[in-house]
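Participant: Below are the sequence and a predicted model; questions follow.
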Amino acid sequence: MAKRASDVEKLVRSEYRHGFVTDIEADTVPPGLNEDVIRLISAKKAEPEFMREWRLKAYRRWITMQEPHWAHVQHSPIDYQAISYYSAPKTQPQEDGPKSLKDVDPKLLETYEKLGVPLHERAKLAGVAVDAVFDSVSVATTFRKKLADVGIIFCSFSYAVQNHPQLVEQYLGSVVPYSDNFFASLNSAVFSDGSFVFVPKGVRCPMELSTYFRMNAANTGQFERTLIIAEEGAYVSYLEGCTAPMRDKNQLHAAVVELIALEGAHIKYSTVQNWYPGDANGQGGIYNFVTKRGDCRGANSHIAWTQVETGSAITWKYPSVLLRGDNSIGEFYSVAVTNNFQQADTGTKMVHIGKNTRSTIVSKGISAGRSQNSYRGLVKVVGAAENARNYTQCDALLLSNQCGAHTFPYMEVKNPTAKVEHEATTSKIDDDQLFYCRSRGISAEDAVNMVVSGFCKDVFKELPMEFAVEAQGLLAVSLEGAVG
Amino acid sequence: MNAVAETAPPYADSFAALQHTRAPDWLAELRRSAFARFTERGFPPERAEDWKYSNTRALQKLRFSPATTPPTNLGTEAIAAALLQHPQVQRLVFVDGVHVPALGSKHAAVPGLRITPLDTALREHRADLRELLLPEARWDNDPFTALNTAFLADGALIEAAGNVQVTAPVQLVFVSTPHTEACASHPRVMVTLGTNVKLTLVESYFGLDGAANFTNSCTQIALAANSRLDYFAVQREAQGDFHVSRVYVSQRERSRFASHVYNLGGEWVRNDLRVRLEDAGASVRMDGVYLADRSRHVDNHTRIDHLVAYTASDELYRGIIRDRGHAVFNGKVVVAEAAIKTDATQTNNNLLLTRNGEIDTKPELEIYADDVKCNHGATIGQLDEQALFYLRSRGLDLDTARELLTGAFARVVTDRIAAEPLRRFALEQLASALPQVAAEDGA
């Protein structure tokens, strides 16, 4: 028992590792939202007219919308007028963004070092191209040149708006329209930056692309927008990571990610989300209300979402795939870990529209502390979708007697050739397995970690190598001391 | 059947008419408050989660009058297909919601078992009747139970005091008959079993050709320690009939409840079956077969609340969807924080056989305790091509082969019925809609 007590103590003491604040002068718009703020954001970013109009359309729609409350989460009301919708590090040249890493404020680079995103090193050693988003603006994009040689555009969203407006205009909102839902509309109105990827026909992206998001300033929301387009036969693997400093107030994060896969294209999108989850008493933390959707627009296209969700006070996200092209494939692999007072309501939507479409859903939920962890998913087969096939498996592991694990799968089928399967199990972490590990001399903590990572293996194996390692580590940190 | 008038709340005329009948004060008051609740809440809003796939618009459009005089010319032969053949069966028959003693069984009463038509109990001013009624808190949000309570007039009370094994099954038959004006009935069934009681109850909802009525039934079941109830609900209403049913079950320690639901008729059907496992050792088995064919809409919502430690549930629902049928299944299992050692299993299998059919299924788990074993599975698929090929290679034509396999799919559920005469009864009822199901009953 003494051992257990010390583990619990360790949990109490264990702090959010990424919880430092970088003291950088920021150019922050005063809190509040109205058309002028949107015009101001648009002007600050020197956007073309279509962009400004689109934002205003989204805003006008948003004010008519109601905040949704169907998710299995509880939070105090969000005051949208108390949020600052734009915050940019001031020392950065505003006009045309940094030309190279040399132009970036050294303090910022230091932040990324602390986060474990050494831009230089990652760029050179790991061969990962990183677009880092700090609060609301993109700080630097590595490897832009090398990618440009094969025709790939990988840049911040604002850069893309200015330099590739025709692509942005063509694809923006074509998967998640500005009127899609409350948080997506808010994002459409105020999004400040994000990543843009365009992989032309037949090109296989030679490296993993990566974005790192960090929320620094207090009382700001982060509203980034990511748009990835893979033309015919293209392939791209994209990684996204997120952190935020510790603050006792809740911060809002409402991102939108749109993926477009044309004929034969393959997009792999991996997320390791580690926003600040709030402290052990449920104070503070990020509200992560995200809309992610992929569109398998062409025949034989393939979109795979992999996510490891360990952070955020509240997670509300359903990466989805519209399987419009014939023979297209959608995949969703997810590990969601909740501890303390975290709440997660996450899952996916697979909409089968084309012929011979296939989807796989593997969701692993792990709840500890007093957290609530829900899987919510939709598998829809429309009348014209011949030979659709879906397999869904969602398992939940419970590590404490005060947490909750819930499953809300929806299956809607209108075609008599469809095969849809759903399986779910919920159980406690197996005492026999723990005992076996302990009897071999493995500490309680390590035993739990081993069992949990075994439980998550089906998902981790879908992650790119270096992320898989990071994810395992994150998992261990998140569950520190959760079981004695 | 006029369109709903903008101002008058639905069923206001019927309710006004009811005010002229004599009733004890407490009942009049209860009806008034229930009707007020119904008027205030109205029908479920279209976007309500529990009604996502079942639109009540068609039901709301219709005007139903209360059936006051039961048809006198109805004989037992007209409803023979619905009757449970058993030498000792205790049967009450209701025609359009009104008890018709002439159609009931004439067997001697079974010792220890008391079956009272609700109208009789009301007439006799039974003092404990009010306490037996479902507590308001349990249907606060349900407009249909409120409506049922507002029109509380007929139905049945089934009581067994304790320590009795009733071998005679009880059957309640609710017949819907054709009328020039469609009518609504709101039968209430109250079942109270004392400790160590075993009983079988069959509720049959049967429609005569041409009937187009609305049956809004409510059954409440309370099982004391160690009691056991086998509950059959066979729903074979006519093509134009609407049916909404609510079944509320509460179980004390080591009681066992097994439900067998067969949805084989009606135009628009919505069933809610809610079981509360309130004491350790209580267990529930919920089985069901639903057939959504022609243009039928069949919606089954079930909810099991595991409220304490050491309770178990096992649920199997199978659905067949063909023609332009639309089936909905929503099975919810809630495990409360205290309910450790819960063992819950739920399976929902669906056969979607035609292009215009639709199935929407949603098995839900809500778990707040850690030391539990819960799982659910749902499938949507078709008949096995290989099995079809095998049967055809043996000389069966395609239609027969399909029917045979469809019947076999449904039979998995009836095979779980242990008691022989009731399994045969269930098979017969099933065979009315799926003729091949009863072929070669080996038992």
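Facilitator: Received, thanks.
Participant: In the stretch 51-200 of chain A, which residue sits closest to chain B?
Facilitator: Of all residues in the stretch 51-200 of chain A, the one sitting closest to chain B is residue A:70 (6.8 Å; C-beta to the nearest C-beta). No exception for glycine: its C-beta is placed from N, CA and C like everyone else's.
Participant: Next, that residue: secondary structure please.
Facilitator: coil (DSSP: H, G, I helix; E, B strand; the rest coil).
Participant: now it: how far from residue A:316?
Facilitator: Counting by C-beta to C-beta, to the nearest Å, the gap between residue A:70 and residue A:316 amounts to 10 Å.
Participant: now residue B:82
Facilitator: Shown here: residue B:82 relative to residue A:316, a distance of 50 Å by C-beta to C-beta.
Participant: Write down the beta-bridge partners of residue A:198, one by one.
Facilitator: residue A:153, residue A:229 (DSSP bridges).
Participant: give the contact list for it.
Facilitator: For residue A:198, the contacting residues are A:152, A:153, A:154, A:160, A:164, A:167, A:228, A:229, A:231, taking C-beta atoms under 8 Å, 6 or more residues apart in numbering or on different chains as the criterion.
Participant: Can you report how many residues neighbour the third one?
Facilitator: To tie it back to what came earlier, the one meant is residue A:154. Residue crowding around residue A:154 was assessed by other C-beta atoms under 10 Å in any protein chain shown; the count is 29.
Participant: Spell out which parts of chain A neighbour chain B.
Facilitator: Selection of chain A residues close to chain B by C-beta under 8 Å from any C-beta of the partner chain yields A:70, A:383, A:396, A:398-428.
Participant: Can you say which of those are buried?
Facilitator: By neighbour count, with 16 or more other C-beta atoms under 10 Å in any protein chain shown, the residues of chain A next to chain B hold A:396, A:398-400, A:403-428 as buried.
Participant: okay but residue B:169 is in contact with residue B:203, surely?
Facilitator: No. Taking C-beta atoms under 8 Å as the definition, residue B:169 is not a contact partner of residue B:203, at 11.3 Å.
Participant: Could I get the pLDDT score of residue A:476?
Facilitator: The predicted local distance difference test score for residue A:476 is 75.
Participant: hang on, I meant residue A:101
Facilitator: In this prediction, residue A:101 has a pLDDT value of 52.
Participant: Equivalent analysis for residue B:30, please.
Facilitator: 91.
Participant: Wasn't it part of a helix?
Facilitator: Yes. Assignment of residue B:30 by three-state DSSP places it within a helix.
Participant: which residues in the stretch 201-350 of chain B form strands?
Facilitator: Counting by DSSP state E, counting those that start in this stretch, one finds strands in the stretch 201-350 of chain B at the ranges B:214-223, B:228-236, B:242-251, B:256-263, B:268-277, B:283-292, B:297-306, B:312-321, B:326-335, B:343-352.
Participant: Packing partners of the shortest one?
Facilitator: Applying 3 or more C-beta pairs under 8 Å, 6 or more residues apart in numbering or on different chains; DSSP states H and E, one finds that strand B:256-263 contacts strand B:214-223, strand B:228-236, strand B:242-251, strand B:268-277, strand B:283-292, strand B:297-306, helix B:420-431.
Participant: so what pLDDT did residue B:48 get?
Facilitator: You'll see residue B:48 listed with a pLDDT of 86.
Participant: residues touching residue A:72, list them.
Facilitator: Residues touching residue A:72, when contacts are defined by C-beta under 8 Å, 6+ apart, comprise A:343, A:345, A:372, A:374, A:376, A:406, A:408.
Participant: How many neighbouring residues does residue A:60 have?
Facilitator: If you count neighbours by other C-beta under 10 Å, residue A:60 ends up with 15.
Participant: So it: helix, strand or coil?
Facilitator: helix.
Participant: roughly how far apart are it and residue A:179?
Facilitator: Using C-beta to C-beta, one obtains 10 Å as the distance from residue A:60 to residue A:179.
Participant: beta partners of residue B:232?
Facilitator: In this structure, residue B:232 bridges to residue B:202, residue B:260 when assessed by DSSP bridges.
Participant: Ok, residue B:221 next?
Facilitator: Under DSSP bridges, the beta-bridge partners of residue B:221 are residue B:191, residue B:249.
Participant: pretty sure it contacts residue B:229?
Facilitator: Yes. If you go by C-beta under 8 Å, residue B:221 and residue B:229 touch, sitting 6.4 Å apart.
Participant: How about residues contacting stretch B:27-40?
Facilitator: The set of residues external to stretch B:27-40 that reach it, using C-beta under 8 Å, 6+ apart, is B:9, B:11-12, B:15, B:18-19, B:23, B:122, B:130, B:133, B:136, B:140, B:143, B:146-147, B:149-152.
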